[in-house]
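*Asks:* have a look; sequence and predicted model below, questions after that.
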Amino acid sequence: MTIEQTLLEAVNASVEKLYGPLDGLTLQLQKTRKEFTGDYTLVVFPLLKRSRKSPDATANEIGEVLVKECPFVESTNTIKGFLNISLRADFWLGEFGKIASAERYGIAPRNGKTLMVEYSSPNTNKPLHLGHVRNNLLGYSVSQILEAAGYKVIKANLVNDRGIHICKSMLAWQLYGNGETPESSGMKGDHLVGKYYVEFDKHYKAQIKELVEGGMDEEEAKKEAPIMKEARTMLQKWEAHDQEVYALWEKMNGWVYEGFDATYKAMGVGFDKVYYESQTYLLGKDIVADGLQKGVFYRREDGSVWIDLTADGLDEKLLLRGDGTSVYMTQDLGTALSRQRDENLDGIIYVVGNEQNYHFQVLKLVLKKMGYEWSDNIYHLSYGMVELPEGKMKSREGTVVDADDLIEDMVQTAREMSEELGKLDGMTPEEQEEIARIVGLGALKYFILKVDPKKTMLFNPRESIDFNGNTGPFIQYTYARIRSVLRKAAEAGVVGAVAEGLSLIPEEVEIVKYLADFPQTVQQAAATYSPSVIGAYIYDLAKMYNGYYHDHSILREERESVRAFRVLLSATVADIIGRGMALMGIEVPERM
RNA sequence: GGUUCCAUAGUUCAACGGAUAGAACGACAGUUUCCUAAACUGUAAAUCUGGGUUCGAUUCCCGGUGGGACUACCA
């Protein structure tokens, strides 16, 4: 139980003693603002109806009882209906001792529930770009956070490995590729396949232009372009398991997977389960039959199946084509159902961009109407677009930021800046490279994760590589500096320890108080699926520590007990920073 | 048209319905005999608009204005 919870119970007891049972009234504590004296604050306005006294009188009354009844409350003061509660200094020292010695502080024990987090879910026709980066970082970080909050988490990736877009790449490669392979070209597999996707588009456009110039209607030209017709034929062959097409498909997808794996590895993300759409795309048809039988769906004259959602403010939605083949929604219904059956999940979190808000709204609604209670446990973690200072990313205009290029740029910049500052002197090239990698990626990840997921964000490459302010490198730097202090302490034979009766200076109490918040912060981040909550927490902690570090001696402190305490405090701060960063999927360096 | 998200300093981001709306970058002014100056300290600077609910609204509800996304027998 956290300190805040402990105190809240004491407050509840005091209030009940004064005014009788709470009867469902829930009181809430907040941290006391810096301008006032105290550690936690109770807002008494909600209690006025019970007390029938003025805000200040009510607060004073509660304060008196609290001081008398609760041993760790030192004193209270009242300002305009806010009851500020100060806890005893030795209490904070004791709490710090517990925090410092806790094995996995802030990491909740398993709660017995299992969640699936589906993220990444790329198409196999082109490399990953900046938008995917936000997706992957979010998905991985949220998985880590949920695990820290006590859930068992299955990280899942549903690879979209089939469809017309893959056929486009395949066809263009056949026509114009001259047998090029990743080995022969030196290109990463996903980039090579992406190159032919672009190639297809180029020829496709040229053909449309030609047809339109020949007098054809543009819509018709799009359908009639020979290269497109050929791609469709290829898709049909794939569905019929044509040997040649299938072999080509497997070969080119293999290239892409190798490329993706390298990018995933560079980003530091991974999966427990990988699903392939080629194996799941036929799922869902039984749901359609089921829904028809239940009368939730209806069949039109042409044989297509629909659901009418107009009563819920939405439209009618197609679930099965007239020719009996399934659409995206059909598949998603099917995969959701089969996962629920196979894994006995307590929830599924889909990390998917906000352009699919409508899709998930419909998905949940359909399952609900089918009578599946667990549709309430589906959560669409919707995130906003990533925009660039120059405007939106448009593949047509070549303003897409490639994930691999981006990562390489970030690492390169970190390397240059480190060299300029002479930070890497005396290290081996391998060490230098490792630090550049950790810092460059840390900058990228923190910059993206510190923003509330649902908001459209502006990614400014230059600014993200600014190593000042609310950035990953700033936090990493704080960590590295503490580690350096600890190494020096070890050399000097100073062992971090808490001595009885030590009196803490206000800055130290501030830090301890802040550390006490960590478990709650993790829970809050898990409840809201927001890595940004963790980011804000560790940034504040790092900033707070930097001020403390600047103003107070740690190793040069004369009194041995104080020195030992400060070393332990530093070690604990570093520990929590490292743990928080890990929840965001960010590494911390021992030195930088 | 329908669904939905967003709107806070010059800029990028914060703020379980609580006190004087926090940071950072940029601007301006300072701090290095010192355990890492990729640091620290200070100054100026903001809730799109009109109602409502509330002891109290950046936050919740309704109406504007502005911007984004979706609204395919594509996935």
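*Replies:* Sure, I can see it. Numbers count the residues shown, from 1 in each chain, chains lettered A, B, ... in the order given.
*Asks:* so who does the nearest residue to A:Gly81 once chain neighbours are set aside touch?
*Replies:* Across the structure, with C-beta to C-beta, 6 or more residues apart in numbering as the measure, the residue nearest A:Gly81 apart from its sequence neighbours is A:Pro55 (3.2 Å). In short, each C-beta sits where N, CA and C put it, glycine included. Residues in contact with A:Pro55, defined by C-beta atoms under 8 Å, 6 or more residues apart in numbering, are A:44-45, A:48, A:80-81.
*Asks:* return, as residue ranges, the portions of chain A with sub-threshold pLDDT.
*Replies:* Counting by pLDDT under 70, chain A contains low-confidence ranges at A:391-399.
*Asks:* and the residue nearest the centre of it?
*Replies:* Geometric centre of chain A, nearest residue: A:Leu138, 2.6 Å, by C-alpha atoms, centre = their mean.
*Asks:* any idea how far that one is from A:Gly496?
*Replies:* Using C-beta to C-beta, to the nearest Å, A:Leu138 is found at 36 Å from A:Gly496.
*Asks:* just the helices in the stretch 351-500 of chain A please.
*Replies:* A:357-369, A:403-420, A:429-449, A:461-464, A:472-491 (DSSP state H, counting those that start in this stretch).
*Asks:* run the angle between the third one and helix A:403-420 for me.
*Replies:* Counting by axes from the mean of the first three to the mean of the last three C-alpha atoms, to 10 degrees, helix A:429-449 points 120 degrees away from the direction of helix A:403-420.
*Asks:* how far off centre is helix A:429-449?
*Replies:* Helix A:429-449 has its C-alpha centroid displaced from the chain centroid by 18 Å (C-alpha atoms, centre = their mean, to the nearest Å).
*Asks:* for it, packing partners?
*Replies:* For helix A:429-449, the elements it packs on are helix A:130-148, helix A:403-420, helix A:461-464, helix A:472-491, helix A:531-551, judged by 3 or more C-beta pairs under 8 Å, 6 or more residues apart in numbering; DSSP states H and E.
*Asks:* kindly reformat those helices as a markdown table containing distance to A:Met228.
*Replies:* Converted to a markdown table, these look like this (distance: least, C-beta to C-beta, whole Å):
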| stretch | distance to A:Met228 |
| --- | --- |
| helix A:130-148 | 26 |
| helix A:403-420 | 28 |
| helix A:461-464 | 36 |
| helix A:472-491 | 45 |
| helix A:531-551 | 42 |
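*Asks:* just to revisit the earlier point, between the contacts of A:Pro55, which sits nearest A:Met216?
*Replies:* Using C-beta to C-beta, A:Phe45 is the member of those that sits closest to A:Met216, with 72.6 Å.
*Asks:* relative to RNA strand B, how far out is the closest residue to the closest one other than its chain neighbours?
*Replies:* By the measure of C-beta to C-beta, 6+ apart, the closest residue to A:Phe45 outside its immediate chain neighbours is A:Gly81, 5.6 Å from it. From A:Gly81 across to RNA strand B, the span is 6 Å (C-beta to the nearest atom of the strand, to the nearest Å).
*Asks:* what number of residues lie near A:Gly81?
*Replies:* A:Gly81 has 17 neighbours, counted by other C-beta atoms under 10 Å.
*Asks:* can you give me the strands for chain A?
*Replies:* Secondary structure of chain A, counting by DSSP state E: strands at A:29-31, A:40-43, A:73-79, A:82-87, A:114-118, A:152-159, A:273-276, A:298-299, A:305-308, A:316-320, A:347-353, A:378-383, A:386-387, A:457-458.
*Asks:* which ones are touching A:Ser570?
*Replies:* Contacts for A:Ser570 were tallied using C-beta under 8 Å, 6+ apart; they are A:482, A:485-486, A:496, A:545, A:549, A:554.
*Asks:* could you redo the last one with a cut-off of 10 Å?
*Replies:* For A:Ser570, the contacting residues are A:481-483, A:485-486, A:489, A:496, A:511, A:545, A:548-549, A:554-555, taking C-beta atoms under 10 Å, 6 or more residues apart in numbering as the criterion.
*Asks:* what do you get for A:Val256?
*Replies:* The neighbours of A:Val256, taking C-beta under 10 Å, 6+ apart as the test, are A:122-127, A:159, A:161, A:166, A:169, A:182, A:188-194.
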